[in-house]
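In: build me a structure from this.
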Amino acid sequence: MSNWYIRIRGKTMGPFPTAEVQQMLATGQVQKYHEISEDKVSWQSIEFVDEFVEEEAAPVRRRKLLRNDDNYESSPAPRGSAKPKKGSSKLGFRILVGSVLTLILAGATTAVILIARNKDDKVADRKNADTNSPNDINSETVYENAVKSCVFIQTPSKTKVENGKQYNTWFIGSGSLIDYKKKLVITNYHVVQENSHVFVSFPKYTSDNKIITDKMQYDSKFMYQQGIKAHVLHRDKRRDLALIELERVPENAGALRLHPFDKPVQQGKTVYTLGNGDAVGQMFNISQGIIRSVGDEEHDFGDQVVSCSIITATNPINQGDSGGPLIDSKGVLVGVTQGKSSKVGTSSVHWFIDSKEVHAFLRLHGIILSE
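Out: Okay, here's the model as predicted:
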């Protein structure tokens, strides 16, 4: 039987046998969002480990059918029942007719209920269905709605000297507002690194409400005067995630919803990326693609090893897009832009941190997003 190490707020405990970890979960000593490892090298949330995944309850529809079956079951007459008394035949006939009518009415009522339920199920299915159809929503609408949640991030770096002059250098990246009330933005660890604070810019607009994409309007020389200062709250190098808290948020900004934790992101889904690619001449760019694959992967970048659930998509990304949102056609955040393959001969192999890793990261630090 395996032995497990548990990590809570940076403190490692253990090892514990599987049965003891299960008992700790049952008694609430540890939570499913805490991290666990067999070797103290590879860590993941307890909820992703097979040994601690609870069996799913029977589907609702199946229980409904069982209840319907119960409605149709008739109770057999007790064995050895007394014979009917003389003169009770008319009463028995009336009871029989009444029972038949009751069964007919019950059957009709049940049929109506089933029809209504089936109708409701179809409506719910339509509401919950993934909308990959190009006719459902166009990319212009996706961009217009989501760009107000996208931010440009500049992280102060070292001061360099060239030709006797000093220059402040900056790391650049992108991010997504995921909680308007709490002013929280999700981005990459490699965008903020070990800095305590960064500067953030939301899209600017003209007087007639057109977005300004001119890079000069977001230049680093304006950051101290116009940028929003943000403090780095939490970071996770393995997941390449960081959570930052802004000092203020513009009134016209909006937070992105996270893809449901219990619904895996599907291959073939149409997705969009927003970001601030340095190779692109304008700010707050958008690109469209499809999800190629989803699964646990490990990527070694030399100074950082990323090991978690990775979405591979065809959306082109560049330096400066890191940390930005990967969204579906409903504007729901399904991933965080991370990087791309540098192998010779590869094409359209771009990586995004799965939204379930964002959920796990937030839970690990006790962050509950506002409704």
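In: quick one: end-to-end distance for stretch 248-256.
Out: Distance between the two ends of stretch 248-256: 17 Å, counting by C-alpha to C-alpha, to the nearest Å.
In: residues of it that come out buried?
Out: Neighbour counts using 16 or more other C-beta atoms under 10 Å place 249-250, 253, 255-256 of stretch 248-256 among the buried residues. Every residue, glycine included, has its C-beta placed from N, CA and C.
In: over to stretch 19-28?
Out: Buried residues in stretch 19-28, counted by 16+ other C-beta under 10 Å: 21, 24-25.
In: out of the residues you listed, flag the one nearest to Val305.
Out: Val21 (25.6 Å; C-beta to C-beta).
In: need phi/psi at that closest one.
Out: phi -60, psi -40 (degrees, to the nearest 10).
In: what do you get for Val185?
Out: phi -120, psi 140.
In: for the closest residue in space to it that isn't next to it in sequence, what are its contacts?
Out: Computed as C-beta to C-beta, 6 or more residues apart in numbering, the closest residue to Val185 that is not its neighbour in sequence is Gly175, at 4.4 Å. Residues near Gly175 by C-beta atoms under 8 Å, 6 or more residues apart in numbering: 150-151, 153, 185-187, 191, 200, 244, 323-324.
In: list only those of these flagged as buried.
Out: 150-151, 153, 185-187, 191, 200, 244, 323-324.
In: quick one, grab the pLDDT at Leu114.
Out: For Leu114, the pLDDT comes out at 40.
In: I meant to write Met1 there.
Out: 62.
In: could you do Glu56 as well?
Out: pLDDT, Glu56: 42.
In: sec struct for the closest residue in space to Val53 that isn't next to it in sequence, please.
Out: Closest residue to Val53 apart from its sequence neighbours, by C-beta to C-beta, 6+ apart: Glu47 at 7.2 Å. Following DSSP: H, G, I helix; E, B strand; the rest coil, the label given to Glu47 is helix.
In: can you put the buried ones among the contacts of Gly175 in JSON lines and add pLDDT and secondary structure?
Out: Conversion of the buried ones among the contacts of Gly175 to JSON lines gives the following (pLDDT from 0 to 100; DSSP: H, G, I helix; E, B strand; the rest coil):
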{"residue": "Cys150", "pLDDT": "97", "secondary structure": "strand"}
{"residue": "Val151", "pLDDT": "97", "secondary structure": "strand"}
{"residue": "Ile153", "pLDDT": "95", "secondary structure": "strand"}
{"residue": "Val185", "pLDDT": "98", "secondary structure": "strand"}
{"residue": "Ile186", "pLDDT": "98", "secondary structure": "strand"}
{"residue": "Thr187", "pLDDT": "98", "secondary structure": "strand"}
{"residue": "Val191", "pLDDT": "95", "secondary structure": "helix"}
{"residue": "Val200", "pLDDT": "95", "secondary structure": "strand"}
{"residue": "Ile244", "pLDDT": "98", "secondary structure": "strand"}
{"residue": "Gly323", "pLDDT": "97", "secondary structure": "coil"}
{"residue": "Gly324", "pLDDT": "97", "secondary structure": "coil"}
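In: of the residues you listed, closest to Ile368?
Out: Ile186 (14.3 Å).
In: is it true that that closest one touches Leu246?
Out: No. Using C-beta atoms under 8 Å, Ile186 makes no contact with Leu246, being 11.9 Å away.
In: one step back: of all the buried residues of stretch 248-256, which two lie farthest apart?
Out: Maximum pairwise distance among the buried residues of stretch 248-256 (C-beta to C-beta): 15.0 Å, between Pro250 and Leu256.
In: got the contact list for Ile228?
Out: 199-202, 246-249.
In: cool, and Asn318?
Out: 275, 277-280.
In: rerun at 7 Å
Out: 277-280 (C-beta atoms under 7 Å, 6 or more residues apart in numbering).
In: just His259 next, same as before
Out: With C-beta under 7 Å, 6+ apart, His259 has these contacts: 265, 332-334, 355.
In: surely His359 is in a helix?
Out: Yes. With three-state DSSP as the criterion, His359 is located in a helix.
In: low-confidence regions, the chain specifically.
Out: Low-confidence segments of the chain (pLDDT under 70): 1, 9-10, 54-137, 158-162, 165-168, 220-225, 344-345.
In: quick one: the helices in it?
Out: Secondary structure of the chain by DSSP state H: the helices cover 18-27, 60-72, 89-128, 139-146, 189-192, 223-226, 355-364.
In: give the buried residues for the fourth one.
Out: When burial is assessed from 16+ other C-beta under 10 Å, helix 139-146 yields the following buried residues: 142-143, 146.
In: against His259, how distant is the closest residue to Pro264 other than its chain neighbours?
Out: Nearest residue to Pro264 in three dimensions, chain neighbours excluded: Val294, at 6.8 Å (C-beta to C-beta, 6+ apart). Distance of Val294 to His259, computed by C-beta to C-beta, to the nearest Å: 11 Å.
In: and Val305, by the same measure?
Out: 25 Å.
In: rewinding a little: for the buried ones among the contacts of Gly175, which one is nearest Ser309?
Out: Ile186 (15.2 Å).
In: the closest one: what's it in contact with?
Out: 175-176, 178, 241, 243, 336, 358.
In: swap in 8 Å and give it another go.
Out: 175-176, 178, 241-243, 323, 333, 336, 358.
In: for Phe352, which non-adjacent residue is closest in space?
Out: Closest to Phe352 by C-beta to C-beta, 6+ apart is Gly335, at 3.4 Å.
In: Thr337 now?
Out: In space, Thr337 is closest to Gly324, 4.5 Å off (C-beta to C-beta, 6+ apart).
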